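J.: Curious how this folds, go ahead:
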Amino acid sequence: MLENCRNARERWGGVSELIDRWLKERQQLLVHYCELSGESDFSKTDALKQKLVRLCEVLVDYVSAGHFEVYEQLIQEAREFNDGGLELAAKVYPQIEKTTEVALNFNDRVDGRILSEQEIEALFAELSSLGEVLASRFEMEDFLIENLHTAHAGKLASA
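T.: All right, here's what the predicted structure looks like:
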């Protein structure tokens, strides 16, 4: 029994570290987003393009880590505890996928292209929509973390 407790802490303690790292990436994403959202002089195309590229790099890293690391661990934890988390994830995950499409489409418009002043201005017009989508995504992710991971913290501590 003690060995099972130790195994559970080792397994799910790593999830906490993964989530903490991921949330730090979210913070970096927000820093880059806020840095860009205040721009209004679109004539500095090179500098703005660099900022957009950096935002997109962090955005894609964040989205990828969510899909290929964090969500997988949360689903695995829900499967192990078998307390309704899988059904909850099945409802929320498709909504998160929609936000992923928006983020990746934004990235595709920036990625590897030479952008004119007009194209940069158009991207900045979309930046506000991207921010709204990200805010919605963050709420859903926080909901999943709360219900698929944090809800089990007490069970792990007593195990």
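J.: Now stretch 60-76: average pLDDT?
T.: Average pLDDT, stretch 60-76: 92.
J.: what sits up against that stretch?
T.: 14-15, 18-19, 22, 25-26, 28-29, 85-86, 89, 93, 96, 100, 103-104, 107, 141, 144-145, 148-149 (C-beta atoms under 8 Å, 6 or more residues apart in numbering). Where you see a C-beta, it was placed from the backbone N, CA and C, and this is true even at glycine.
J.: List buried residues within the residues you listed.
T.: Buried members of the contacts of stretch 60-76, counted by 16 or more other C-beta atoms under 10 Å: 15, 18-19, 22, 25-26, 29, 85, 89, 96, 100, 103-104, 107, 141, 144-145, 148-149.
J.: Student question: in the chain, what's the helix or strand with minimum average pLDDT?
T.: Using mean pLDDT, DSSP states H and E, the weakest-scoring helix or strand in the chain turns out to be helix 153-158, at a mean of 53.
J.: Give the helix, strand or coil label for G112.
T.: coil (DSSP: H, G, I helix; E, B strand; the rest coil).
J.: What count of nearby residues applies to it?
T.: 6 (other C-beta atoms under 10 Å).
J.: now do the one 10 residues further on
T.: Residue crowding around A122 was assessed by other C-beta under 10 Å; the count is 14.
J.: Is it correct that E117 is in contact with F42?
T.: Yes: if you go by C-beta atoms under 8 Å, E117 and F42 touch, sitting 5.1 Å apart.
J.: follow-up on the earlier one: just checking, which of the buried ones among the contacts of stretch 60-76 belong to helices?
T.: Judged by DSSP state H, the subset of the buried ones among the contacts of stretch 60-76 located in helices is 15, 18-19, 22, 25-26, 29, 85, 89, 96, 100, 103-104, 107, 141, 144-145, 148.
J.: Neighbour count: E117 and F42, which is higher?
T.: For E117 versus F42, neighbours defined as other C-beta under 10 Å are more numerous around F42 (17 against 13).
J.: wait, that one sits on E119?
T.: No: applying C-beta under 8 Å, one finds F42 not in contact with E119, separated by 9.4 Å.
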